[in-house]
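Asks: coords below, sequence missing:
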């Protein structure tokens, strides 16, 4: 899995490193760090056209930088535009998305959130406006769920559709909507800090959903492909198999919360972001009792989904 993502992501990473180095050598405003693909829409912002050698063509390209203003606060219009772009594959930056997934597979989510800070400086928004990450992850989940159904002999088209559609719509998108709503509410209500001489900022719902997607991808890799190939070992009846299966699930969910904490830690108007790590205590308690009572998480989940 990591090899495939690395093949598609390396080229994008090199291009962006070269772009970042070029812009850093220009100097000037601190916003001249990197340019992320995608178009910006008007929302009361001012722009400054600039020409940087080596960008946009052999003679240098032109681009625009936001100069303050109200900025982008994706509400209903932002979400509707995001959903419309979800089916416009020709406008998605797949190479950059693969490079983000490679960073998560290498357990380097900090690199991913550096791009988030750059996006804020360039586009004046925290959330991605490119739904390529969601589209690719949905396709991966659907294919992996189908592979489980074929391997374990799921009978009936309705049972197969229930597993595949349920994995995408309920487990990924449904859980994501719940987590994004809950975490953004907690952050805006209890963790937000209003500083003097600064504009009032809030956590965008789309950014909270981005954090969920970032955390869900490594969880998907561990609990779908990795578990799939380890199934002959994890389904054994001995205690070692139980410990290994429960450790895999515990690590996947702990890493999900770790990525969540990092995602909110880059927001300068929040405090005590480590509170999002509190559920890890519950995970460790469940892990201890599951091993003590010989409850194999892999057996339970496969029986729940596949019957």
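Replies: Cool, the structure landed. Since we're looking at a predicted model, the values are computed, not measured. Numbering: from 1, shown residues only.
Asks: gap between residue 80 and residue 86?
Replies: 11 Å (CB to CB, to the nearest Å). Every residue, glycine included, has its C-beta placed from N, CA and C.
Asks: which residues sit in contact with the spatially closest residue to residue 217 that is not a sequence neighbour?
Replies: In space, residue 217 comes closest to residue 104 once its chain neighbours are excluded; the distance is 5.2 Å by CB to CB, 6 or more residues apart in numbering. Counting by CB atoms under 8 Å, 6 or more residues apart in numbering, residue 104 touches 112, 214, 217, 218, 259.
Asks: Point me to the helix or strand that includes the third one.
Replies: Secondary-structure assignment from DSSP states H and E places residue 217 in helix 205-221.
Asks: taking the mean pLDDT, what do you get for that helix?
Replies: Averaging pLDDT along helix 205-221 gives 95.
Asks: what number of residues lie near residue 200?
Replies: Residue 200 has 8 neighbouring residues, counting by other CB atoms under 10 Å.
Asks: my guess is it meets residue 188, correct?
Replies: No. At 10.6 Å, residue 200 and residue 188 do not qualify as touching, with contact defined as CB atoms under 8 Å.
Asks: how about the strand or helix carrying residue 299: buried residues?
Replies: Using DSSP H and E, the element containing residue 299 is helix 297-306. For helix 297-306, the neighbour count (16 or more other CB atoms under 10 Å) marks 297, 298, 299, 302, 305, 306 as buried.
Asks: Tabulate those residues in a markdown table, adding columns for pLDDT.
Replies: Below are those laid out as a markdown table (pLDDT from 0 to 100):
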| residue | pLDDT |
| --- | --- |
| 297 | 97 |
| 298 | 97 |
| 299 | 96 |
| 302 | 95 |
| 305 | 92 |
| 306 | 91 |
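Asks: And the helices in this protein, which stretches?
Replies: 2-26, 76-85, 94-105, 109-123, 132-151, 157-165, 175-186, 205-221, 227-234, 239-265, 279-292, 297-306 (DSSP state H).
Asks: Make TSV out of those helices and add distance to residue 271.
Replies: As requested, the helices of the chain are exported to TSV (distance: least, CB to CB, whole Å):
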stretch	distance to residue 271
helix 2-26	29
helix 76-85	26
helix 94-105	26
helix 109-123	17
helix 132-151	28
helix 157-165	40
helix 175-186	12
helix 205-221	17
helix 227-234	37
helix 239-265	10
helix 279-292	19
helix 297-306	35
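Asks: Residue 178: neighbouring residues, count only.
Replies: Residue 178, neighbours per other CB under 10 Å, totals 11.
Asks: tell me the pLDDT at it?
Replies: We have a pLDDT of 97 for residue 178.
Asks: do residue 105 as well
Replies: Residue 105 carries a pLDDT value of 88.
Asks: Compute the number of surrounding residues for it.
Replies: Neighbours of residue 105 under the rule other CB under 10 Å: 17.
Asks: Quick check: it vs residue 252, distance?
Replies: As defined by CB to CB, residue 105 lies at a distance of 13 Å from residue 252.
Asks: Find the residues that touch each one of the two.
Replies: With CB under 8 Å, 6+ apart as the test, residue 105 and residue 252 both reach residue 218.
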